[in-house]
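Chemist: okay, here's the prediction I keep looking at, along with the sequence it came from:
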Amino acid sequence: MDAKTKARCEARARVIKALAHPTRLFIVDELSRGEQCVCELTERIGADMSTVSKHLAVLKSAGLVQDEKYGTQVYYRLRTPCILKFLNCVESVIESTAREQLGLVECKGD
């Protein structure tokens, strides 16, 4: 692997790693419906604000979300909504794997 390819793969891994937490996936899903403030996300997640802020910082660092301050509230939105296509692909992988496993169980019953 050449240096340019390695750098591109490392950059991709950073984005995927930022998504590799159930709470951060939930946040991305919530933001797919539109901009939300930290307080709204905190309420929906059911965690304290500092925990939610840390998750948002990880997503922001990876370039997945952006924030904007209105008065005393900070609002977040998806910076690159195309990430939802990736998540749809993940759902397809899960469904495909589940169908294969179900097929194995059904064959066992024959």
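Modeler: Everything's here; your move.
Chemist: longest helix of this structure, counting residues only.
Modeler: Assignment by DSSP state H gives helix 83-108 as the longest helix of the chain.
Chemist: please enumerate the strands of the chain.
Modeler: For the chain, applying DSSP state E gives strands covering 36-37, 65-70, 73-78.
Chemist: show me where pLDDT drops low in the chain?
Modeler: Within the chain, the segments meeting pLDDT under 70 span 108-110.
Chemist: give the contact list for the residue nearest the centre of it.
Modeler: When Cα atoms, centre = their mean is applied to the chain, the residue found nearest the centroid is residue 25 (3.4 Å). Residues in contact with residue 25 (Cβ atoms under 8 Å, 6 or more residues apart in numbering) are 19, 87. C-beta: built from backbone N, CA, C; applies to glycine.
Chemist: now swap in residue 23 and tell me
Modeler: Contacts for residue 23 (Cβ under 8 Å, 6+ apart) come out as 45, 47, 51-52, 55.
Chemist: ranking those by neighbours, who comes first?
Modeler: Within these, most neighbours by other Cβ atoms under 10 Å means residue 52, with 22 neighbours.
Chemist: measure that one to residue 36 for me?
Modeler: Counting by Cβ to Cβ, to the nearest Å, the separation of residue 52 from residue 36 is 11 Å.
Chemist: buried set for stretch 50-67?
Modeler: Residues of stretch 50-67 classed as buried by neighbour count (16 or more other Cβ atoms under 10 Å): 52, 55-56, 58-60, 62, 64-65, 67.
Chemist: distance to residue 101 added to those, as CSV?
Modeler: Compiled in CSV, the buried residues of stretch 50-67 are given as follows (distance: Cβ to Cβ, whole Å):
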residue, distance to residue 101
52, 34
55, 31
56, 35
58, 32
59, 31
60, 36
62, 31
64, 31
65, 34
67, 40
